[in-house]
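Novice: Following is a predicted model, sequence given first.
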Amino acid sequence: MTARRLTPPDGGPGTSDHVLVIGGRRRAYRVHVPPVVPLGAPLVIQFHGGGGNGTGLDRLTRFHALADRRRFVVVSPNGFDRKWNDGRRPGEVDDVGFVAALIDCLAGWLPIDRGRVYAVGISNGAMMAARLASQLPDRIAAFAQVAGTVAADAPSWWHPDRPVPFIQIHGSVDDIVPYVGGPVRTRRRGGTDRGRVLGVDEWAALVATRNGATGPEITGIDPDVTVRTWRGPTAQCDVEFWRVEGGGHTWPGGIQYLPLGIVGATSATFDATAEIWRFVSAHNV
């Protein structure tokens, strides 16, 4: 599949918007470049949730500010029709091919380290990260999810050809992507079928098993967080699952982006952005 960029490269610092044409579709993405870009800078790809877009995502995650301090590049692509083809339902949009082309595009005009590319997502974007872990494990070094797991049939197709470092963060009372799995709910009445997902515990067992990791070691962070950690023969096997007791479909440490009655509570016990960066930045392909 061929791809071409319609907007000129801009290697300067700051935030800029671009368009890539791939598979006959125009795909938009936003790039944030820190004031100083070292040779071999890491790249974080952050994926928005269903109904969102890359333009507004950083208001929630705040990866741009962290990138300025830690000197990495952030790209926030837009899902086609505001959603990602994450494997829950049949879809014609090749988002895996889009992400691969996007990495190549950015590596062509920014001094990023192809061995330190990281996928981070929330909700539908989290589940897109899970799909990429299975289909692009040679292109992305580590994966992070907030408020999302993986399609319910993942045990039949989630077969990375290497251990994939994985951190997952989920609220225990998430009413959109339920902690125990099952149907994904919509915030809107009369919404279409959103497919089914694995529960967090089943997903954790699948990732740890495929990684050859043992555990879990369990630690608590007062007042509402439990962290389960699995380790294997190498750092590539690392797995962390964070349970936020009473947490909703939210980004811990971030803003309460919708009312409590819609997405539930946002924990202030820890900063999900900082913990995700701590975890993913320790890994390379």
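Specialist: Good, I have the coordinates. Residues are numbered from 1 along each chain as shown.
Novice: Under the pLDDT cut-off, which ranges of the stretch 1-150 of the chain? List them.
Specialist: By pLDDT under 70, the weakly predicted segments of the stretch 1-150 of the chain are 1-11.
Novice: where exactly do the helices run in the stretch 1-150 of the chain?
Specialist: 54-61, 63-70, 95-109, 124-135 (DSSP state H, counting those that start in this stretch).
Novice: list the helices and strands the longest one packs on?
Specialist: With contacts defined as 3 or more Cβ pairs under 8 Å, 6 or more residues apart in numbering; DSSP states H and E, the secondary structure elements packing on helix 95-109 are strand 3-5, strand 14-22, strand 25-33, strand 41-47, strand 73-77, strand 112-122, helix 124-135. In short, each C-beta sits where N, CA and C put it, glycine included.
Novice: contacting residues around the third one?
Specialist: When contacts are taken as Cβ atoms under 8 Å, 6 or more residues apart in numbering, the neighbours of strand 25-33 outside the stretch itself are 6, 10-21, 54-55, 58, 63-64, 67, 73-78, 80, 93, 98, 102, 106, 110.
Novice: what's the angle from it to strand 14-22?
Specialist: Strand 25-33 runs at 160 degrees relative to strand 14-22, counting by axes from the mean of the first three to the mean of the last three Cα atoms, to 10 degrees.
Novice: What segments of the stretch 151-285 of the chain are helices?
Specialist: Going by DSSP H, counting those that start in this stretch, the stretch 151-285 of the chain shows helices at 200-211, 260-263, 272-280.
Novice: Can you flag the weakest of these by average pLDDT?
Specialist: Mean pLDDT per stretch puts helix 260-263 lowest among these, at a mean of 93.
Novice: Counting neighbours, which bits of that helix end up buried?
Specialist: Residues residue 263 are the ones in helix 260-263 that count as buried (16 or more other Cβ atoms under 10 Å).
Novice: now that helix: how far from the chain's centre is it?
Specialist: Relative to its chain's centre, helix 260-263 lies at 22 Å (Cα atoms, centre = their mean, to the nearest Å).
Novice: Pull the residues that contact that helix.
Specialist: In contact with helix 260-263 (Cβ under 8 Å, 6+ apart) are residues 175-176, 187, 248-250, 256-257.
Novice: what do you get if the cut-off is 10 Å, keeping everything else the same?
Specialist: Contacting residues not belonging to helix 260-263 are listed as 49, 123, 147, 171, 174-176, 187-188, 248-251, 256-257, 266 [Cβ atoms under 10 Å, 6 or more residues apart in numbering].
Novice: how close does residue 80 get to residue 221?
Specialist: Separation of residue 80 from residue 221 (Cβ to Cβ, to the nearest Å): 38 Å.
Novice: do residue 49 as well
Specialist: 25 Å.
Novice: So between these two, which is more surrounded?
Specialist: Each of residue 49 and residue 221 has its neighbours counted (other Cβ atoms under 10 Å); residue 49 has more, 29 against 13.
Novice: give the contact list for that one.
Specialist: Neighbours of residue 49 in contact, by Cβ under 10 Å, 6+ apart: 57, 60, 79, 82-84, 121-128, 146-148, 176-177, 249, 251, 257, 263.
Novice: With residue 62 instead?
Specialist: 251, 253-255, 271-274.
Novice: Now list the buried members of those residues.
Specialist: Buried among these by 16+ other Cβ under 10 Å: 251, 253-254, 271-273.
Novice: Of those, which pair is most distant in space?
Specialist: Pairwise distances across the buried ones among the contacts of residue 62 (Cβ to Cβ) peak at 9.4 Å, for the pair 251 and 271.
Novice: Now do the residue nearest to residue 217 when sequence neighbours are not counted against residue 171, distance only.
Specialist: Nearest-residue entry for residue 217: residue 229, 4.7 Å, with adjacent residues in sequence omitted and distances by Cβ to Cβ, 6 or more residues apart in numbering. Distance check for residue 229 against residue 171: by Cβ to Cβ, it reads 19 Å.
Novice: higher neighbour count, the two?
Specialist: The neighbour comparison of residue 229 against residue 171 (other Cβ under 10 Å) goes to residue 171, with 30 against 17.
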